[in-house]
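Participant: pasting the structure only:
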């Protein structure tokens, strides 16, 4: 297995740095159901890390642990060298972690621009009264944040729907708007929950390109969950494979592809 | 504008005109582009500095005089500057269609032997890199948008802004060379090379001199009284001669402002924001806009709907006459003024055409209803007839003599001659220099006296002196019984229905005519939605029995109208088929400017044509399609063939 203790260089020549986030022996239970069973892995600076596995393997639960939405009963989450105490999701967001959702969670009645602006929340310092009267810092602040949002709109090529209410957009574009909102928070670590689910081939290709460009352009570390194996193998630098809440594989796409347990999990072998 | 004219004397090239504009109009806007949600603006003096920096950078990279520099991308100020920067260093800009697939680019790039290529982004860069093994003279690629380009091997790759920075840094070293090269440019130097898409065969490189471009721009600007205060929206392909003349030739001659949209998808919004005063669009754009207006009116509240239809019918009656300055009585004028406040004005603003003083449409015939709709709103929409080889202008419609069925009178300094065969010939200062590296084609198109064959058949209308086009000369044929076959005439009549996008008529040397029809997905899709017809794909919608019924009604209506013309009554459509795919430039069925390539369509769909003539009721076929990235696939379909009733031709009426 690839030795990643001090960072490594990917096949396409990108330098991956030290550990950003480390999951140590995480166990998560819902009552009697064990969703995640003693899993450890790390995410490194600048890499695209995928979590894959069949339905019900515990991938989304894992992502929710990373984003602070679920507090695991056992194990530790280490973020940038310190152990993270149980946190509210907004506190996690302030630490520089942003995410998208499997079943799109945008403000349907608001325009694309306004939706993406909400991603800038943590950069706004003025209070509600200053904003309502657009006085003092409020005006300058909005201009600054709007400029940052416009760069993301340009980057993701959604200029033509800037003023369109989200409810009127097709699915593929909504996914892109969600990515835009997550990027607006200028995250250090970006979590993507099934970014290609329900997309056609062309939309998947577009989304893949955007994910690669985000990683390349902003140096954002990305952790993603995905079903489409082809996409995962093309995009990611390292892959964690889960099945029934357990980790059954971890390594580069090629290593994982050759792993017998992974093949069994995907092709289906009787578990007795 | 007399000051401009005198100041421009002696300016024999576009860089010289730029120099003049930077002094005369220094702080006036020259370029605007919407980026990051805001219109970014460059004045003429800033433009001159940007272009100088790029020109110096090009010298620094080793551009030689006479080199060809290919330019590929959507309309952006930077790429327009690239053209003028190339000219400044004595090189020849060659704009290419950005939607061309890699193979098409390979032909053009190796035909002209381009050493330098300037592209907009990664997508275009990838295409050039993919074919670079076939390009022996290719040396450097310059790209505008650095996104995704970080990992590329940068031995031959340069970022646009870096080239400019290096140019600025090396200014002292190269500025004398730049001035020397720029001063060498004369009226006879090559200004640009444009590849004609060609409805047959390989593209040909049309070489246009500074004389061609500047004289044509000057004449046309004088004709319409254009000034430095115009605003235009540049959104048509940069590789097309029209865009070169409007966005560079006329813009530099008059010193007006070129506005570039944010992206292809935002064109309509940007049009509304800019409100151009001089506007150019192919009929397709006007059709799309009209269709969307009509669709939205269907959904409007009853009162608004009634008001719209009431005033539109009034506009239809008097709007065109008022625009042409014809006598209209006072009551009608008053009512038109009210209509203008309530309907026409707001509508024009919504369309982004509120400020248009001069609008042109060309390239294809425009439906008379569409044409008159815009004119009745008070938009001065006119037609012109032109070619790349003529540096656009052959005939234009003067104000006050605008009609949907003619293309106007000869443009200033253009002479026109009609051969016995009906083919139109012209001679003008805009006549191209040559086809690059193709003396045979040059000789067969342009004779020693400078007359150029257009390849179109037409005639000069008696009385008005206006030119009327019948069809492409080589497409006009004879039917088996000897009557004339002019496909375009019938096709246009059918295309004027909003739900029909494209038609191809066959019948040369045959005893009757048959047709291929493409439905318009926007119009028919909307109709299907309103009538609760579910469909999953273009193919399914195109095969829907109720769609076929509607199309059949249109065909029969056109047959009745064609039958009234004694010369062309043989061209009625006996049978037709609604095709399962849109004809597409990527499949070679159309040119990049969306003209049908008849021969190719005929070969490719030979099985369907055979079925149309042998009387079968349906035909199964497999068609190869090319995706945008050049990969191939195929679609199979079973198509119903429809019979249309025709009006019996009363022959030998005169014999009685």
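Facilitator: Perfect, thanks for sending it. Bear in mind the structure is a predicted one, so any value in this text is a computation, not a measurement.

Participant: am I right that residue A:188 is in contact with residue A:92?
Facilitator: No - with contact defined as CB atoms under 8 Å, residue A:188 and residue A:92 do not form a contacting pair (11.3 Å). For the C-beta atoms, the positions are set from N, CA and C on the backbone; glycine is no exception.

Participant: between the two, which is the more surrounded one?
Facilitator: residue A:92 (21 against 18; other CB atoms under 10 Å in any protein chain shown).

Participant: can I see the domain layout of chain A?
Facilitator: A:1-86+A:188-272, A:107-186 (automatic domain parsing).

Participant: pick out the shakiest of those domains, pLDDT-wise.
Facilitator: Ranked on mean pLDDT, the bottom entry among the domains of chain A is domain A:1-86+A:188-272, at a mean of 85.

Participant: all strands for the stretch 51-200 of chain A, in order.
Facilitator: Along the stretch 51-200 of chain A, counting by DSSP state E, counting those that start in this stretch, strands occupy A:74-79, A:82-83, A:97-99, A:189-193.

Participant: how about low-confidence regions in the stretch 501-650 of chain B?
Facilitator: Judged by pLDDT under 70, the stretch 501-650 of chain B has its weakly predicted residues at B:650.

Participant: which residues in it form strands?
Facilitator: Assigned strands in the stretch 501-650 of chain B, in chain order: B:513-519, B:573-578, B:618-626, B:632-643 (criterion: DSSP E, counting those that start in this stretch).

Participant: and what of the stretch 201-350 of chain B?
Facilitator: B:204-209, B:231-233, B:257-260, B:278-280.

Participant: is the second one positioned near chain A?
Facilitator: No - for a cut-off given as CB under 8 Å from any CB of the partner chain, strand B:231-233 has no contacts with chain A; the smallest distance is 15.5 Å.

Participant: residue A:203 contacts residue A:172, correct?
Facilitator: Yes - at 3.9 Å, residue A:203 counts as touching residue A:172 under the criterion of CB under 8 Å.

Participant: just to revisit the earlier point, including mean neighbour count, could the strands of the stretch 51-200 of chain A go into a markdown table?
Facilitator: Shown next, in a markdown table, are the strands of the stretch 51-200 of chain A (neighbours: other CB atoms under 10 Å in any protein chain shown):
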| stretch | mean neighbour count |
| --- | --- |
| strand A:74-79 | 16 |
| strand A:82-83 | 8 |
| strand A:97-99 | 24 |
| strand A:189-193 | 24 |
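
Participant: what residues of the helix or strand where residue B:182 lies count as buried?
Facilitator: Taking DSSP states H and E as the criterion, residue B:182 maps to helix B:171-184. The neighbour-count criterion (16 or more other CB atoms under 10 Å in any protein chain shown) identifies B:174, B:178, B:181-182 as the buried residues of helix B:171-184.

Participant: follow-up on the earlier one: looking at the strands of the stretch 501-650 of chain B, spot the one closest to chain A.
Facilitator: With CB to the nearest CB as the measure, strand B:632-643 is the member of those nearest chain A (11.1 Å).

Participant: check which helices and strands that closest one sits against.
Facilitator: Judged by 3 or more CB pairs under 8 Å, 6 or more residues apart in numbering or on different chains; DSSP states H and E, the packing partners of strand B:632-643 are helix B:545-563, strand B:573-578, helix B:606-614, strand B:618-626.

Participant: please identify the most buried of these.
Facilitator: Highest mean neighbour count of those: strand B:573-578, a mean of 23 (counted as mean count of other CB atoms under 10 Å in any protein chain shown).

Participant: list the contacts of that one.
Facilitator: B:490, B:494, B:505, B:512-519, B:542-543, B:547-548, B:551-552, B:555, B:558-559, B:608, B:611-612, B:619, B:639-644, B:646 (CB atoms under 8 Å, 6 or more residues apart in numbering or on different chains).

Participant: quick check: residues of chain B near chain A?
Facilitator: B:35-38, B:147-148, B:150-151, B:262-263, B:265-266, B:269.

Participant: residue B:35 versus the closest residue to residue B:145 other than its chain neighbours, what's the distance?
Facilitator: Counting by CB to CB, 6 or more residues apart in numbering or on different chains, residue B:121 is the residue found nearest to residue B:145 once chain neighbours are left out, at 4.2 Å. Distance of residue B:121 to residue B:35, computed by CB to CB, to the nearest Å: 13 Å.

Participant: now do the shared contacts for those two.
Facilitator: By CB under 8 Å, 6+ apart, no residue touches both residue B:121 and residue B:35.

Participant: quick one: the nearest residue to residue A:200 once chain neighbours are set aside from residue B:538, how far?
Facilitator: In this structure, residue A:200 finds its nearest non-sequential neighbour in residue A:172, 7.5 Å apart by CB to CB, 6+ apart. With distances taken as CB to CB, residue A:172 is found 18 Å from residue B:538.

Participant: same deal with residue B:596?
Facilitator: To residue B:538, residue B:596 is 18 Å away according to CB to CB.

Participant: ok, now residue B:633?
Facilitator: Distance of residue B:633 to residue B:538, computed by CB to CB: 14 Å.

Participant: swap in residue B:132?
Facilitator: Residue B:132 is 36 Å from residue B:538, where distance means CB to CB.

Participant: residue B:382 too?
Facilitator: Per CB to CB, residue B:382 is found 34 Å from residue B:538.

Participant: neighbour count winner among the two?
Facilitator: Between residue B:382 and residue B:538, counted using other CB under 10 Å, the more crowded position is residue B:382 (22 against 18).

Participant: now the element after whichever strand or helix holds the more buried one, going C-ward?
Facilitator: Using DSSP H and E, residue B:382 sits in strand B:381-387. Once the chain leaves strand B:381-387, the next helix or strand it forms, by DSSP H and E, is strand B:392-396.
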